[in-house]
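Colleague: sequence and predicted structure below; questions after.
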Amino acid sequence: MAIKILENPGKQLRPEGAIRADVAWKLFDPLNIGDVTRNSLNRMSRFTQWLWWELSNQAGFLNRRKNSTVYIIAPEMTDAGKAFIKRIISFWDTDIYLYRNPEVMADIEVPAQNAWMPPVYNLAPDATKDPVQSALVESDDAGTCHFISPLTGLSHAFFRVYTINPGHTYSRYHSHTAREEHYLVLEGTGIARIAGRSEEVKQGDIIFKPTGPDLATQFIAGENGMRILDMEIWNDPTRADKDVVAYPDHGELCMFGSGWYNTIPLSAIHSAEDTMKSYEKGYYRNEDGSWSPKEVPGFPERTS
């Protein structure tokens with residue numbers, strides 16, 4: 001089997017069953033059609049989810065229903081856009097061919113160079129990066145972040161590499177409820193703040209942060225800076241999980257995910273013991289944790 005990418009084909013060239021990545025790109029990331037940038041990262045994760053599903057119906061190494069050729073119609077693409085789509089498709093087949101501006105079927109029947117890309121990423125700071133790897137970079141005074149996950153397909157894992165300048169950090173001191181986080185120190189030394197304690201960490205150290213204990217962490221780079229591989233594991237590969245994130249330094253509890261975008265003070269958290277004790281009573285919980293009697297359908301009004 002082969003997968004053929006038809007970049008900006010003539011209007012009359014529409015093979016039956018072709019995957020319309022050109023239309024999907026306009027839908028998911030209309031401001032960056034044919035391109036991939038750091039700003040389009042979240043939107044293109046949705047595009048990847050859609051493309052992954054479409055490929056699963058027509059390709060796959062154990063898929064006996066697959067066609068001899070899968071066609072993908074793509075818009076005019078930048079080098080980063082081409083590298084991105086080729087990386088995603090390369091998980092599904094090793095014969096990948098790209099044809100630019102074809103007009104008729106005869107144009108895509110001629111031999112082309114195999115564009116398959118292996119699922120390999122070099123973490124060395126001086127490694128040569130392809131265009132999409134170079135595009136998925138974010139920098140500020142604290143350091144530089146290289147986003148890796150868009151190159152890994154539709155995955156429950158989310159990877160990025162942080163280069164942290166001396167004395168800086170890349171995130172707040174925080175914990176999650178919907179994702180695991182594990183960190184590998186690639187270079188340098190620094191301080192890992194873990195559950196209110198400070199531990200010295202160095203190259204080769206792995207710091208584990210499973211879900212459940214609400215364990216807060218943060219890294220402060222030492223005098224020579226640090227490079228850290230940040231590895232997150234999500235239940236939902238689209239990273240749309242409802243996640244409660246605590247920021248102890250800031251006294252904030254944030255609720256992120258589908259239908260959530262809220263912040264409440266940590267001081268507003270109260271034990272559920274009273275709630276369970278008075279579960280079948282009518283009352284209203286006040287902001288300070290106290291309660292007021294209230295008529296609630298199906299329950300008697302609470303008196304104590």
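Modeller: Nice, I can see it.

Colleague: need the three-state assignment for I191.
Modeller: Put simply, I191 is strand when judged by DSSP: H, G, I helix; E, B strand; the rest coil.

Colleague: tell me what the longest helix along the chain is packed against?
Modeller: Assignment by DSSP state H gives helix 41-58 as the longest helix of the chain. Packing partners of helix 41-58 (3 or more CB pairs under 8 Å, 6 or more residues apart in numbering; DSSP states H and E): strand 19-20, helix 21-28, helix 79-89. Heads up, the C-betas are built off the backbone N, CA and C, glycines and all.

Colleague: wait, which of the ones you listed is closest to D130?
Modeller: Comparing the helices and strands packed on helix 41-58 by their distance to D130 (CB to CB), the top pick is helix 79-89, with 4.8 Å.

Colleague: distance of the residue lying closest to D130 once chain neighbours are set aside relative to A74?
Modeller: Excluding its sequence neighbours, the residue lying closest to D130 (CB to CB, 6 or more residues apart in numbering) is A83, at 4.8 Å. To A74, A83 is 12 Å away according to CB to CB, to the nearest Å.

Colleague: I'd like the helices and strands packed on helix 41-58 as TSV, with distance to Y99 appended.
Modeller: Below are the helices and strands packed on helix 41-58 laid out as TSV (distance: least, CB to CB, whole Å):
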stretch	distance to Y99
strand 19-20	15
helix 21-28	14
helix 79-89	12
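
Colleague: can you give me the buried ones in stretch 8-19?
Modeller: Residues of stretch 8-19 classed as buried under the neighbour-count rule (16 or more other CB atoms under 10 Å) are P9, L13, P15, A18, I19.

Colleague: can you pull the contacts of the last one?
Modeller: Read that as I19. L51, E54, L55, Q58, V70, Y71, I72, I73 (CB atoms under 8 Å, 6 or more residues apart in numbering).

Colleague: can you check the third one too?
Modeller: When the contact criterion is CB under 8 Å, 6+ apart, the partners of P15 are L6, Y71, M105.

Colleague: give me that answer again for 7 Å
Modeller: Shown in contact with P15 (CB atoms under 7 Å, 6 or more residues apart in numbering): Y71.

Colleague: so what pLDDT did it get?
Modeller: We note a pLDDT of 94 for P15 in this prediction.

Colleague: could you measure from it over to I264?
Modeller: For P15 relative to I264 (CB to CB), the value is 53 Å.

Colleague: got the angle for the longest helix of the chain vs helix 21-28?
Modeller: 140 degrees (axes from the mean of the first three to the mean of the last three CA atoms, to 10 degrees).

Colleague: E295 touches Y283, doesn't it?
Modeller: No. Between E295 and Y283 there is no contact under CB atoms under 7 Å: 9.8 Å.

Colleague: neighbour-wise, which of these two wins?
Modeller: More crowded of E295 and Y283, by other CB atoms under 10 Å: Y283, with 19 against 10.

Colleague: Provide the backbone phi and psi angles at the more buried one.
Modeller: In terms of degrees, to the nearest 10, the main-chain angles of Y283 are phi -160, psi 170.

Colleague: same question for N286.
Modeller: Per degrees, to the nearest 10, the backbone of N286 is at phi -90, psi 170.

Colleague: tell me the contacts of it?
Modeller: By CB under 7 Å, 6+ apart, N286 lies in contact with S292.

Colleague: hang on, the earlier thing: could you give the angle of the longest helix of the chain to helix 79-89?
Modeller: 40 degrees.

Colleague: buried residues, helix 41-58. List them.
Modeller: 41, 43-45, 47-52, 54-55, 58.

Colleague: mean confidence score for that helix?
Modeller: The average pLDDT within helix 41-58 is 90.

Colleague: for stretch 230-248, same thing?
Modeller: Averaged over stretch 230-248, pLDDT sits at 91.

Colleague: ok, and what's touching it?
Modeller: So stretch 230-248 is contacted by 45-46, 49, 154-160, 162, 172-183, 214, 216, 253-258, 260, 266 (CB under 7 Å, 6+ apart).

Colleague: okay, and which of those residues map to strands?
Modeller: Using DSSP state E, the members of these that fall within strands are 157-160, 162, 179-183, 253-257, 260.

Colleague: which one of those sits closest to T303?
Modeller: Nearest to T303 among the ones in strands among the contacts of stretch 230-248, counting by CB to CB, is L253 at 31.1 Å.

Colleague: need the contact list for the closest one.
Modeller: Listed by CB under 7 Å, 6+ apart, the contact partners of L253 are V244, A246, I264, L266, I269.

Colleague: swap in L13?
Modeller: Applying CB under 7 Å, 6+ apart to L13 gives the contacts L6, P102, E103, V104, M105.

Colleague: let's see that with 6 Å instead.
Modeller: P102 (CB atoms under 6 Å, 6 or more residues apart in numbering).
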